[in-house]
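**Student:** coords please:
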Amino acid sequence: MMAIFLGKGLKGESWAAQTMEPRLVLLSRGPELYSTRRLATEAERAGWMVDIVDPLALTIVVDEDGGRIFHKGWPVECEAVLPRIGYSITRRGVAIVRQFEQSGVIILNSSQGIIRSRDKLVACQMMAEKRVPVPITAHVGAWEDTDRAVKRVGGTPCVVKSTEGTHGSGVFLVKSFQQARQLVYQMLERGMRPLVQEYIEESHGSDVRALVVGGEVVASMRRKAHGSEFRSNFHLGGSVNSVDLTDEQKEIAVRATHTLGLELAGVDMLESDRGPLVLEVNSSPGLEGIEKATRINVAGKVAERLSSLYQSVSDVQIEPKDSLQRADSEDKGSVY
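**Tutor:** Numbering: from 1, shown residues only. Here you go, the predicted model:
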């Protein structure tokens, strides 16, 4: 059950300043999901009062004062928000995040950062502008241009994908011009925006993911596809193993995250003959695969970043709950 946070956020008198326990709203539709549970657990351990809130259960009221967010008629107030916005509710979730931004609270991944990362074409354009290496990519507006697009990315085989999608959905490896034309035509007929992308043969069925938190790579893993599958997504049965990244890979991952304006991201890179290429930047990266593969407490790193951001805008020093519990035990054992 949700405990409604009442009071004022960072713009007004801080409720956290009175209780020494800042409030975190974790936006997620899956409170039982591994990543959501881990983030909530580590945030609580770091001294946050955490509520997991379904973004679809919130109401936005916009007025001349900027607006408020309500849950079942009660205003929701907090010091920080951690969005875990699924692809299917991107527009609704981003609207909620934007409203929290207007209230002046800490947001770990801005609404604009989420929007940029969800559109593969926009993300690719922004990264290319900042000289972040990406695979050669063509956006096809008419199926008649498919053959020319395929030639521009190096010919077949090549990859055809939608600009929007997650977990490897809508991504195809095509081996002929005819197959490419058919896929592009079908996507356009369904109102999708197709991309034609060069195929990196030397990286077939494998990529590396760097988990970036606050401008630092905190964990990394190599993902390998199962069997003949060329997509290496963990959700598609791929295997994951810890890997040590080169300084170049780390630098590229951090630059990609910064370019899109994200605090927390999973950066997927292909290992090509011409160096690392950023394939995708995920603004709501799953933690299960990377934590189990690396045995690194990634959720704890996220909680540390939240606390660091909070302390930078507040005079309040957050103490981890373990410390508070020890102090409480010492007080109970004291004799006055």
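**Student:** Is Ile69 in a helix, a strand, or coil?
**Tutor:** At Ile69, secondary structure determined by DSSP: H, G, I helix; E, B strand; the rest coil is strand.
**Student:** before we move on, which element is Val25 in?
**Tutor:** Here Val25, judged by DSSP states H and E, is contained in strand 23-27.
**Student:** Report the rounded mean pLDDT for that strand.
**Tutor:** The average pLDDT for strand 23-27 rounds to 97.
**Student:** Can you name the next helix or strand after it?
**Tutor:** As assigned by DSSP H and E, the chain's next helix or strand after strand 23-27 is helix 34-45.
**Student:** can you list the residues that contact that next one?
**Tutor:** Residues outside helix 34-45 that contact it (C-beta atoms under 8 Å, 6 or more residues apart in numbering): 24, 26, 28, 30-31, 50, 52, 82, 84, 285-288, 291, 297-300, 302-303, 306, 320-322. Using the backbone N, CA and C atoms, a C-beta is placed for each residue, glycine as well.
**Student:** and the closest residue to Arg23 other than its chain neighbours, how many residues sit next to it?
**Tutor:** In this structure, Arg23 finds its nearest non-sequential neighbour in Cys78, 4.2 Å apart by C-beta to C-beta, 6 or more residues apart in numbering. For Cys78, the neighbour count with other C-beta atoms under 10 Å is 27.
**Student:** On the three-state scheme, Cys78 is what?
**Tutor:** Per three-state DSSP, the secondary structure class of Cys78 is coil.
**Student:** what does the model give it for pLDDT?
**Tutor:** 95.
**Student:** next one: the one 3 residues further on
**Tutor:** On the pLDDT scale, Val81 is placed at 98.
**Student:** repeat for Arg193
**Tutor:** Per-residue confidence (pLDDT) for Arg193: 92.
**Student:** got any ranges where this protein has weak pLDDT?
**Tutor:** For the chain, the stretches flagged by pLDDT under 70 are 1-20, 165-169, 226-238, 315-336.
**Student:** Look up the closest residue to the spatially most central residue of it, ignoring the ones flanking it.
**Tutor:** Centre of the chain computed as the mean C-alpha position; nearest residue by C-alpha atoms, centre = their mean is Ser283, 1.8 Å away. Spatial nearest neighbour of Ser283, chain neighbours left out: Ser117 (4.1 Å); criterion: C-beta to C-beta, 6+ apart.
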